[in-house]
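J.: Starting from these lines, generate the structure:
(4 chains)
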4 protein chains.
Amino acid sequence: MTLHIALIGAGRMGQVHAENLAFRVPGARLAAVADADAARAATVAGPLGARAESDYRRVLDDPSIEAVVIVTPTGTHARVIGDAAAAGKAIFCEKPLAMTLAECDQAIAAANRAGVTLQIGLMRRFDPAYRAARRQIDDGRIGQPVMIKSLGRDPRRTSLEFARRENSGGLIADMGVHDFDTARWLMGSDIERVHSEGGCLVYPELKDVGDIDNAVINLKFVNGAVGNIDLSRNAVYGYDIRTEVIGSRGSLMIGRLQHTPLLVLTAEHIAHDGVPYFMERYSEAYVEELRSFAACVAAGHTPEVSALDARAATAIAVAATRSLDEGRPVRVSEAG
Amino acid sequence: MTLHIALIGAGRMGQVHAENLAFRVPGARLAAVADADAARAATVAGPLGARAESDYRRVLDDPSIEAVVIVTPTGTHARVIGDAAAAGKAIFCEKPLAMTLAECDQAIAAANRAGVTLQIGLMRRFDPAYRAARRQIDDGRIGQPVMIKSLGRDPRRTSLEFARRENSGGLIADMGVHDFDTARWLMGSDIERVHSEGGCLVYPELKDVGDIDNAVINLKFVNGAVGNIDLSRNAVYGYDIRTEVIGSRGSLMIGRLQHTPLLVLTAEHIAHDGVPYFMERYSEAYVEELRSFAACVAAGHTPEVSALDARAATAIAVAATRSLDEGRPVRVSEAG
Amino acid sequence: MTLHIALIGAGRMGQVHAENLAFRVPGARLAAVADADAARAATVAGPLGARAESDYRRVLDDPSIEAVVIVTPTGTHARVIGDAAAAGKAIFCEKPLAMTLAECDQAIAAANRAGVTLQIGLMRRFDPAYRAARRQIDDGRIGQPVMIKSLGRDPRRTSLEFARRENSGGLIADMGVHDFDTARWLMGSDIERVHSEGGCLVYPELKDVGDIDNAVINLKFVNGAVGNIDLSRNAVYGYDIRTEVIGSRGSLMIGRLQHTPLLVLTAEHIAHDGVPYFMERYSEAYVEELRSFAACVAAGHTPEVSALDARAATAIAVAATRSLDEGRPVRVSEAG
Amino acid sequence: MTLHIALIGAGRMGQVHAENLAFRVPGARLAAVADADAARAATVAGPLGARAESDYRRVLDDPSIEAVVIVTPTGTHARVIGDAAAAGKAIFCEKPLAMTLAECDQAIAAANRAGVTLQIGLMRRFDPAYRAARRQIDDGRIGQPVMIKSLGRDPRRTSLEFARRENSGGLIADMGVHDFDTARWLMGSDIERVHSEGGCLVYPELKDVGDIDNAVINLKFVNGAVGNIDLSRNAVYGYDIRTEVIGSRGSLMIGRLQHTPLLVLTAEHIAHDGVPYFMERYSEAYVEELRSFAACVAAGHTPEVSALDARAATAIAVAATRSLDEGRPVRVSEAG
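T.: Take a look at the predicted model:
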């Protein structure tokens, strides 16, 4: 009972998924790799024993392919999801689902119409530490969660092209979407309103493309809880992902600054390294999300991270970006 | 050349200062302890070899007393400062300087008129870790500071009486004043506007006296930098004071969760204790601020933490509290 | 240019190697799995696309097989190595090479005669933290290493059957061989003499099979440096592997007590988990040692951990066990 | 009911005790300071309100002095203790009690004859972390302690003059005495035999005065438990004092590498400082041991660290030094 999966989009992140699908997902088989760049498709597919296609519609037409993993540019997600859903494939789509809520809704409607699984790659929910945190909350170890602090900091800025709002949604959408989803998931409540402050403080060239490099975002939850998220592109010490949940009877702190368990002790200082980047931080989560997807498809279960979750995170990002632009708290419902 | 100092107000915090003045401040001598409760004054003064008074005006009238340390209830600060300034005494006043900006201004004017030193007990500036952080910034180790995250969390709630706004200013004023001062000091910039979210989420009885127990406060600095402060009364794991400064070329993290350097490792977990409370956390800072005060008075120097700094922190607290009340960002200049 | 590798011995550790060979070693292909238990061979080989054999001589006779990974019981290593060498296969053999120095010599001679590669599975040399430590030493960061402290602690005792000296060599040989090898490798010197103290202190049933559960072993290196190793079967808090190297101008500390980056903070304590066991601790090292083996065979290079290294570690283990038995320091040269 | 105490010996360590006696020991009063260097006695006594003497016999003759704290050179301890005991004073004597067991016995006999309290300054027993560890053991949290690892590492070498065996006893006696005492105290058992390895590996000039700079010492306890202690004069990263106790149902780890709770995070590394030296590490313990002494004298209780404990630690040091000299395990009973 092996699930035959095709990868659509063989860029950097697509290659990570391809290797995981080929080797680390029990019950799944990487059957095909589609990429508009035929040479890239072939390079990725070959060593993994999959067939290569340059037109993803070819894999959608293949009835032996039961599921697709979509890692194309965000702007194309809604369309590819629509095509895949129409072809009856189960769908795993890399985050973010879409840049606009309209596109989110379009993708969700397509999946609903076809009755196919649609899981979004919010991989943090599959990180062992975040999962363990959620279990602690479910077990009542910290009582009622009342405050969340979460941060996502990149060790360097993204490309200027990607930084444009039309490509990435800007800093708050691109990075914050993980923390917004984490916040809803760990706090067990939707977010009612947000307030952002931010600035282009380290990389002046980002200003030219309309982006910022540092932001803080206040959260007010529907259930009354509060929170704050900070985002930065200049954590030069390493990729830094941490979350604290403060509860009525305890707290949780997720994250680790040190990558290699080695201390170097000299007369100057006692020092260790930082986490290089997201591949190193989330290597297990990238495997686990696909295992969960394959298992859900096989069992006919609802995926753990639905497209509605992704839409909710995007709505918060839209509201938080509007707050930054307009200098006022914005209700998430205003985002649509 | 010993500075003769009188303590005015011999409550819990006054007693800490009394012992430090008696034993740990070179060049200072605890000459008198004044407290409206004569018995308490005697109990504190006796073992320390100081004389006791029930009326603080008696020590102000004593020309051999050169300086006073004021630890009376906040609502009386402006008046006692006024009296002490008029008597020509150098003044150290416990934080907060006052609950209102009007009273701050009154105290500042009195000190200015008399030309006496007026230092406020924002002791965090004398904590070894915070001082070391400031040195790193001054030395350029992290480049330009662009974001600050700071938190103050108490292991339990304060008394309901103290929680009233007229007594403590409420959570944001009572606890946040340290973080607001830290933020200005470490970032090297004033704060332009603030936005607060908060709630009464753990101790419903606080609602009856008009206070909250958890808050997050966004900061926008005059120089463009951003920040966030969180405050909580339910850090049941220990007194938790931490600050992060993110710079263009590095970052700083101040604070420690563990008090006793002992790990207990069992089949259940690997565990350590937390920091009990502020006395344990700031024992050195309480000594250092008085040493600095005594040295400044002796040398005729401006104190390291002026009444203007205290006023600025209070102004931010007032603005942040108003933001909470009105659900909008508030400019610090609106606070007066 | 793919190296065709056969696994000989498909027990627990063999299965780890099988999966790594199948998926994670570029340039290698798991071609066959041999195990005297035919059903087990089939179970392991099947999902990995390899053929199964019950007699390892069948894979040795197959000229398309270029290399073997031997994970049979230690007592059979010398014989299987002899057979594989005679068949001209490159050989990776799980640790320990052999229980006796005579068998070590026999295996080494066989490999030398045949001119085939013989690498031993002392995987710690491929652990990222240990490798980073070695680089720091090579780069002169700690000056001259003068003392080493190393420890290996299991969270529970081994089976009584395995604990017998004829099966595992006893605690010092079974666990210490990694630390002895680490010591030689990081200190850049052979060990001249050892002195052991130990006892059966927690599991009295071990006494019946002649084993102990805790030991400390002093090391004196040929170059004058000193060291100590401790071994325990009752680190109930987790699998604990740590090493410190003290140098003339700095020190290194390798290892980490915490597995999942999650702190749980309650009124009782601040707690985290421990490392479950060696699979979790060394998952990367098990891959890396095979990658290195495949690369060495492909390039005709000498393996990074030779059979002579394994022999040296065994000689130290023999001497340290004799020291325990005889209550005196024993020169490693006495072990033969 | 104040205990009048005289300090005998006003060198560096004496000055620490003087200040603690003057300010931080409830129920005690520093009445006099005696030092053969009259100027030094005066300099230390003056600011603390004590009288100065150049001949310690003058304070012994003073019937108002009830207790003495002896911080003279080790070689004089036995004689001064004899004199103080004869004068009926309660005695606190800085560690080590004496360099030879004969002198230890002489001091113990003198105190016994006079029936006076004799406490030795093995301050580690009063360190909060070590005390907390002992409580965990007493409470059964780790089951039966079966192994101890302890280390004492100085950030730099001592003076060559002090390094001579006749002055300090050499590395093992000077530094190890704390770990030997810790080992007996935490393990609840005497030590039966020891085996040392050591060398002069970093400071060749120590060889000329007969000392070494690094050592490891195996311990075998009377109850069967095992242990190891390492000592070093080249922990350039900071004063390093750590102890691990491995029990049948849990373990303890005492000690902390970091002094100031500040992390500096740059692109090169994440770094913090180390512990400067023993004053910083043991500031609380130095106060607590005197508080305990004063309380014991006042209550007529036996001191927590008796001269017999100090003698036992010295006997282990003598045996361990002999082991180093003779290259064999030495029974502690051989030391006398």
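J.: what sits against the nearest residue to A:Cys296 once chain neighbours are set aside?
T.: Nearest non-adjacent residue to A:Cys296, counting by Cβ to Cβ, 6 or more residues apart in numbering or on different chains: A:Pro303, 4.9 Å away. All C-beta atoms are positioned from the backbone trio N, CA, C, and that covers glycine. Taking Cβ atoms under 8 Å, 6 or more residues apart in numbering or on different chains as the criterion, A:Pro303 is in contact with A:Thr117, A:Leu118, A:Gln119, A:Ser292, A:Phe293, A:Cys296.
J.: Residue in the stretch 101-250 of chain A with the shortest distance to chain C?
T.: Ranked by Cβ to the nearest Cβ, the top residue of the stretch 101-250 of chain A for proximity to chain C is A:Gly250, at 4.0 Å.
J.: give me every residue that touches that residue.
T.: A:Arg141, A:Ile142, A:Gly143, B:Val236, B:Tyr237, C:Val264, C:Leu265, C:Thr266, C:Ala267.
J.: Extract the CA atoms of stretch A:249-260 and return them as CSV.
T.: Output in CSV follows, covering the C-alpha atoms of stretch A:249-260 (Å, rounded to 0.1, in the frame of the first residue of the first chain):
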residue,chain,number,x,y,z
ARG,A,249,0.5,27.4,36.6
GLY,A,250,3.7,27.2,34.6
SER,A,251,5.5,28.2,31.5
LEU,A,252,7.2,26.6,28.5
MET,A,253,10.3,27.8,26.7
ILE,A,254,11.0,26.3,23.3
GLY,A,255,14.2,26.7,21.4
ARG,A,256,18.0,26.4,21.6
LEU,A,257,20.7,28.8,20.7
GLN,A,258,23.5,26.3,20.4
HIS,A,259,23.9,24.0,17.4
THR,A,260,27.0,21.8,18.0
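J.: tell me which residues in that stretch are buried?
T.: For stretch A:249-260, the neighbour count (16 or more other Cβ atoms under 10 Å in any protein chain shown) marks A:Gly250, A:Ser251, A:Leu252, A:Met253, A:Ile254, A:Gly255, A:Arg256, A:Leu257, A:Gln258, A:His259, A:Thr260 as buried.
J.: In chain A, which residue is most central in space?
T.: Closest to where the C-alpha atoms of chain A average out (Cα atoms, centre = their mean) is A:Leu122, at 3.4 Å.
J.: Quick check: it vs A:Tyr239, distance?
T.: Distance from A:Leu122 to A:Tyr239, counting by Cβ to Cβ, to the nearest Å: 17 Å.
J.: what's the answer for A:Leu257, then?
T.: From A:Leu257 to A:Tyr239 the distance is 10 Å (Cβ to Cβ).
J.: okay, and the common contacts of these two?
T.: Common neighbours of A:Leu257 and A:Tyr239 are listed as A:Gly274, A:Val275 (criterion: Cβ under 8 Å, 6+ apart).
J.: ok, back up a step: secondary structure added to the buried residues of stretch A:249-260, as JSON lines?
T.: As requested, these are arranged in JSON lines below (DSSP: H, G, I helix; E, B strand; the rest coil):
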{"residue": "A:Gly250", "secondary structure": "coil"}
{"residue": "A:Ser251", "secondary structure": "strand"}
{"residue": "A:Leu252", "secondary structure": "strand"}
{"residue": "A:Met253", "secondary structure": "strand"}
{"residue": "A:Ile254", "secondary structure": "strand"}
{"residue": "A:Gly255", "secondary structure": "coil"}
{"residue": "A:Arg256", "secondary structure": "coil"}
{"residue": "A:Leu257", "secondary structure": "coil"}
{"residue": "A:Gln258", "secondary structure": "coil"}
{"residue": "A:His259", "secondary structure": "coil"}
{"residue": "A:Thr260", "secondary structure": "coil"}
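J.: So for the longest helix anywhere in chain A, mean pLDDT?
T.: Determined from DSSP state H, the single longest helix within chain A is helix A:307-326. The average pLDDT within helix A:307-326 is 97.
J.: Buried ones in that helix, by neighbour count?
T.: A:307, A:309-324.
J.: hang on, the earlier thing: widest-spaced pair of the buried residues of stretch A:249-260?
T.: Within these, A:Gly250 and A:Thr260 form the most distant pair, 30.3 Å apart (Cβ to Cβ).
J.: right, and A:Thr117 touches A:Ile91 too?
T.: Yes: the pair A:Thr117 / A:Ile91 is scored as a contact, 6.4 Å apart, by Cβ atoms under 8 Å.
J.: Chain D versus the closest residue to A:Leu101 other than its chain neighbours, what's the distance?
T.: Leaving out its chain neighbours, the residue that sits closest to A:Leu101 by Cβ to Cβ, 6+ apart is A:Gly336, at 4.7 Å. A:Gly336 sits 39 Å away from chain D, going by Cβ to the nearest Cβ, to the nearest Å.
J.: Tell me the confidence at the residue nearest to the centre of chain A?
T.: pLDDT, A:Leu122: 97.
J.: Ok, A:Gly27 next?
T.: A:Gly27 carries a pLDDT value of 88.
J.: Now the phi/psi pair for it, please.
T.: Backbone geometry at A:Gly27, expressed as degrees, to the nearest 10, gives phi 80, psi 0.
J.: Next up, the contacts around it.
T.: Neighbour list for A:Gly27: A:Met1, A:Thr2, A:Leu3, A:Ala294, A:Ala295, A:Ala298 [criterion: Cβ under 8 Å, 6+ apart].
J.: if we go to 6 Å?
T.: A:Leu3, A:Ala294, A:Ala298 (Cβ atoms under 6 Å, 6 or more residues apart in numbering or on different chains).
J.: what do you get for A:Pro128?
T.: A:Pro128 touches A:Glu284, C:Thr260, counting by Cβ under 6 Å, 6+ apart.
J.: sec struct for A:Ile91, please.
T.: Classification of A:Ile91 by three-state DSSP places it in strand.
J.: surely it meets A:Ala84?
T.: Yes: between A:Ile91 and A:Ala84 a contact is recorded at 5.1 Å, counting by Cβ atoms under 6 Å.
J.: what is in contact with those two at once?
T.: By Cβ under 6 Å, 6+ apart, A:Ile91 and A:Ala84 have these common neighbours: A:Val68.
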